[in-house]
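Undergrad: need the 3D shape of this:
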Amino acid sequence: MKILAVDYGDARTGLAICDQGELLASPVGVLHSRRMEQVLAETAAAAREHRAGRIIVGNPINMNGTRGPRSELCAEFARQLQELTGLPVLLWDERSTTVSATQYLNATDTRGKKRKAVIDAVAATIILESYLAYRKNNPED
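TA: Presented below is the predicted three-dimensional model:
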């Protein structure tokens, strides 16, 4: 099944998709908007365009495991996205994905404006890779 991953942010939202066999996660792009309604509509359109069967929304849980205001906002985004698309939408722990994305971009020497343009899509790809690894090890879920 194709799965769309979302790294929802204040100004930029990264998107990634996997192939039908759930083997390869690839960045799709970055949505540039501060308005949740616009990001919801564009994310729903991306899900339709890529024929996603499920959507994963990164959940920025605090390092101590508690949920803060950002996590609550992502939960609301996920709820509205599920209502809008009719697809199953799951929250997925995204702790340290931005750090991992930064390390990856450092390793590939991606800097400046180019880095800012892709970091959210890379973070969404890392979220999706984490979820795909979980599904591979827990096929009953």
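
Undergrad: tell me which residues of stretch 18-25 come out buried.
TA: Neighbour counts over stretch 18-25 (16 or more other C-beta atoms under 10 Å) mark C18, A25 as buried. All C-beta spots, glycine's among them, are computed from the backbone N, C-alpha and C.

Undergrad: tell me the helix or strand right after the worst-scoring helix or strand of the chain on mean pLDDT.
TA: Across the helices and strands of the chain, the lowest-confidence element by mean pLDDT, DSSP states H and E is helix 97-107, at a mean of 63. Downstream of helix 97-107, the next assigned helix or strand under DSSP states H and E is helix 112-137.

Undergrad: which secondary structure elements does that next one contact?
TA: strand 3-7, strand 12-18, strand 25-32, strand 54-59, strand 89-93, helix 97-107 (3 or more C-beta pairs under 8 Å, 6 or more residues apart in numbering; DSSP states H and E).

Undergrad: can you list the weak-confidence ranges in this protein?
TA: Within the chain, the stretches with pLDDT under 70 are 96-117, 141.

Undergrad: which ones are touching the closest residue to G53 other than its chain neighbours?
TA: Once flanking residues are discounted, G53 sits nearest to M1: 4.0 Å by C-beta to C-beta, 6 or more residues apart in numbering. Taking C-beta atoms under 8 Å, 6 or more residues apart in numbering, we find M1 in contact with Q20, E22, G53, R54.

Undergrad: D120 too?
TA: D7, G9, R12, T13, G14, V30.

Undergrad: which residue is the nearest non-sequential neighbour of the spatially most central residue of the chain?
TA: Closest to where the C-alpha atoms of the chain average out (C-alpha atoms, centre = their mean) is V6, at 2.3 Å. The spatially closest residue to V6, leaving aside those adjacent along the chain, is V57, at 4.8 Å (C-beta to C-beta, 6+ apart).

Undergrad: circling back: most packed of the helices and strands packed on helix 112-137?
TA: With neighbours defined as mean count of other C-beta atoms under 10 Å, the helices and strands packed on helix 112-137 peak in mean count at strand 3-7, which reaches a mean of 29.
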